[in-house]
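Student: Below are the sequence and a predicted model; questions follow.
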Amino acid sequence: MTKTVLVTGGTGTLGKLVTPLLREAGVNIRVMSRTAREARDGIEYVAGDLETGEGVAAAVAGVDTVLHLAGTTKGDGDKARTLVQAIETAGVFPHLVFISVVGAERVPVESAIDRQTMAYMASKRDAELVVENSGLPWTILRATQFHDLLFTMVSALGKLPLVPVFNFQFQPIETGEVAARLVELTLGEPAGYVEEIGGPKIYTMKELERSYLEALGKKRPVFTMKAPGKASRIYAQGANLTPDHAVGERTWEEFLAAKLATA
Ligand SMILES: NC(=O)c1ccc[n+]([C@@H]2O[C@H](COP(=O)([O-])OP(=O)(O)OC[C@H]3O[C@@H](n4cnc5c(N)ncnc54)[C@H](OP(=O)(O)O)[C@@H]3O)[C@@H](O)[C@H]2O)c1
């Protein structure tokens, strides 16, 4: 029988690249979104909100696999709890596949400062533990920052007359690489924590910002600040990087050139 895969976050940057690949694989695709939509391109849309829990039990009914991509900058642990609870309520036993971030288990978020600067890492780690302890068969992939996210970051900062950046490094990965790996994992057997993935090169945040400004011919001073707190210090030491698991050919420079050519 054809498998049914529920994709939470199927309307997001990553999710939009995942769904065509799942369609090519011939599975039934259901996407959960906070906004109701008509079925399109062979995808069924179900309204569900992982903050309120509304609609989630109906979204998971009858599914074989849940690819959980929905996420925001904080509270992903609670979203994962809501999802797992709804799965229990619906009486299904799907393979739960989750996208996390490289370094989630390596960045300790302990102080009030850490909770301000690194809330995202704490939230992803919380969600990982919910998935791990869900009692369901599960798979977790940790990825580094996507090109698209870093572009949003450098372009927002690049509007400032003086551009502050943190002493962080990033290993940008093409979002499509992450989508392709997630589809393999979704179609495969539950595998627990799989090898994490990151992009082909590592850059300082300053290098990413400068390359963006230079490509636009903008002359702005870019200065590096040390981020406060222990969690930031560990992040700045490279906890978010995975040089031994670099994948893909497309570099930040290539992504940036293509992105700006179509902007
Ligand atoms: N971006 C990166 O660099 C990066 C790196 C590693 C891991 N990740 C993880 O990858 C995942 C996808 O990232 P992305 O960049 O594609 O995110 P995105 O473009 O911001 O999309 C977020 C998705 O989450 C859904 N969502 C948000 N809140 C929800 C809620 N309360 N209930 C149900 N759905 C909700 C949104 O759906 P609607 O708006 O349609 O409701 C949307 O589809 C996230 O979990 C993120 O943490 C991202």
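Tutor: Happy to help now that I have it.
Student: from here on, contacts and neighbour counts on C-alpha atoms
Tutor: Fine.
Student: what about the strands in the stretch 1-150 of the chain?
Tutor: 4-8, 28-33, 43-47, 65-68, 95-101, 138-143 (DSSP state E, counting those that start in this stretch).
Student: and stretch 255-263, C-alpha only, in PDB?
Tutor: Output of stretch 255-263 as PDB, limited to C-alpha atoms (Å, rounded to 0.1, in the frame of the first residue of the first chain):
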ATOM      1  CA  PHE A 255      24.600  30.900  -4.000                       C
ATOM      2  CA  LEU A 256      25.000  34.600  -3.400                       C
ATOM      3  CA  ALA A 257      25.700  35.300  -7.100                       C
ATOM      4  CA  ALA A 258      22.700  33.400  -8.200                       C
ATOM      5  CA  LYS A 259      20.400  34.900  -5.500                       C
ATOM      6  CA  LEU A 260      21.400  38.500  -6.300                       C
ATOM      7  CA  ALA A 261      21.100  37.900 -10.100                       C
ATOM      8  CA  THR A 262      17.400  37.000  -9.600                       C
ATOM      9  CA  ALA A 263      16.700  39.600  -6.900                       C
END
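Student: I would like the residues contacting that stretch, please.
Tutor: 147, 151, 174, 212, 215 (C-alpha atoms under 8 Å, 6 or more residues apart in numbering).
Student: May I see those organised as TSV, with neighbour count added?
Tutor: Shown next, in TSV, are the contacts of stretch 255-263 (neighbours: other C-alpha atoms under 10 Å):
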residue	neighbour count
147	23
151	19
174	23
212	21
215	12
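Student: From those residues, pick the one nearest residue 182.
Tutor: Taking C-alpha to C-alpha as the measure, residue 174 is the one of these closest to residue 182, at 13.1 Å.
Student: Next up, the contacts around the closest one.
Tutor: 146-148, 199, 248, 250, 255.
Student: restrict the residues you listed to contacts with the ligand.
Tutor: Residues of the contacts of residue 174 in contact with the ligand (C-alpha under 6 Å from any ligand atom): residue 146.
Student: Which residues of the protein lie near the ligand?
Tutor: Going by C-alpha under 6 Å from any ligand atom, the residues of the chain near the ligand are 8-15, 33-35, 48-51, 69-72, 99-101, 143-146, 149.
Student: what's the least confident helix or strand in the chain by mean pLDDT in contact with?
Tutor: Lowest mean confidence among the helices and strands of the chain (mean pLDDT, DSSP states H and E): helix 112-117, at a mean of 93. If you take C-alpha under 8 Å, 6+ apart as the criterion, helix 112-117 is touched by 109, 122, 227-232.
Student: buried set for it?
Tutor: For helix 112-117, burial by neighbour count (16 or more other C-alpha atoms under 10 Å) applies to 113-115, 117.
Student: Tell me how many other residues crowd residue 244.
Tutor: Residue 244 is flanked by 11 other residues according to other C-alpha atoms under 10 Å.
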